[in-house]
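Undergrad: Curious how this folds, go ahead:
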Amino acid sequence: MHYARVPRLFADLELAHGDGRFARLFRTLTRTDLLILDDWGPDRLSANQRRELMEIVEDRYGAGSTLITSQLPVEAWHDVIDEPTFADAILDRLVHNAYRLALDGPSMRDPKMSKSDTTGPVAEMADATATKSAKAVKK
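TA: The predicted structure follows:
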């Protein structure tokens, strides 16, 4: 399993290009059984970020599970990728053969909310998408 907040992941990938860690970091992202990409969509992707994300999802497709959390609904993800051809290709690999969980509930950060009002830390997420690995069993 590898967890990464998307904004920090792209910053780490950019730094890794300069200091020689890119190949190792990319291998970690593509070979882990479960890649968790948290906080998808606060900013539109740059051209480099689109290419890197495309390579990551392409290498992971059918080989491992990817869990993406976002405050944005999946329908808005096309705009985040910000280039139609890349958006279609990336989302096809992410959304095809995926389970979508739309969650609704109070924010865990709301100071007025008591602990008894929540069912867990995922209550604040608007959308989560998880792809099944090739090893997953369909029910």
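
Undergrad: how many neighbours does residue 64 have?
TA: 22 (other C-beta atoms under 10 Å). Every C-beta, even on glycine, is put in place using the N, C-alpha and C of the backbone.

Undergrad: That one: what's it in contact with?
TA: 30, 31, 32, 33, 34, 35, 133 (C-beta atoms under 8 Å, 6 or more residues apart in numbering).

Undergrad: If we ignore the residues flanking it in sequence, what's nearest the second one?
TA: It refers to residue 31. Excluding its sequence neighbours, the residue lying closest to residue 31 (C-beta to C-beta, 6 or more residues apart in numbering) is residue 64, at 7.3 Å.

Undergrad: ok, the nearest residue to residue 21 once chain neighbours are set aside to residue 60 distance?
TA: In this structure, residue 21 finds its nearest non-sequential neighbour in residue 15, 7.7 Å apart by C-beta to C-beta, 6+ apart. Residue 15 sits 22 Å away from residue 60, going by C-beta to C-beta, to the nearest Å.

Undergrad: These two: who's more crowded?
TA: Shown here are residue 15 and residue 60; by other C-beta under 10 Å, residue 60 has more neighbours (20 against 12).

Undergrad: my read: the more buried one touches residue 67, true?
TA: No. With contact defined as C-beta atoms under 8 Å, residue 60 does not reach residue 67; the gap is 11.4 Å.

Undergrad: all helices of the chain, in order?
TA: 6-19, 22-31, 47-60, 77-81, 84-95 (DSSP state H).

Undergrad: out of those, nearest to residue 111?
TA: helix 6-19 (24.8 Å; C-beta to C-beta).

Undergrad: same question for that closest one, mean pLDDT?
TA: On average, the pLDDT along helix 6-19 is 96.

Undergrad: Could you tell me how far that helix lies from the centre of the chain?
TA: Relative to the mean C-alpha coordinate of its chain, helix 6-19 is positioned 15 Å out (C-alpha atoms, centre = their mean, to the nearest Å).

Undergrad: Many thanks, I have nothing further to ask.
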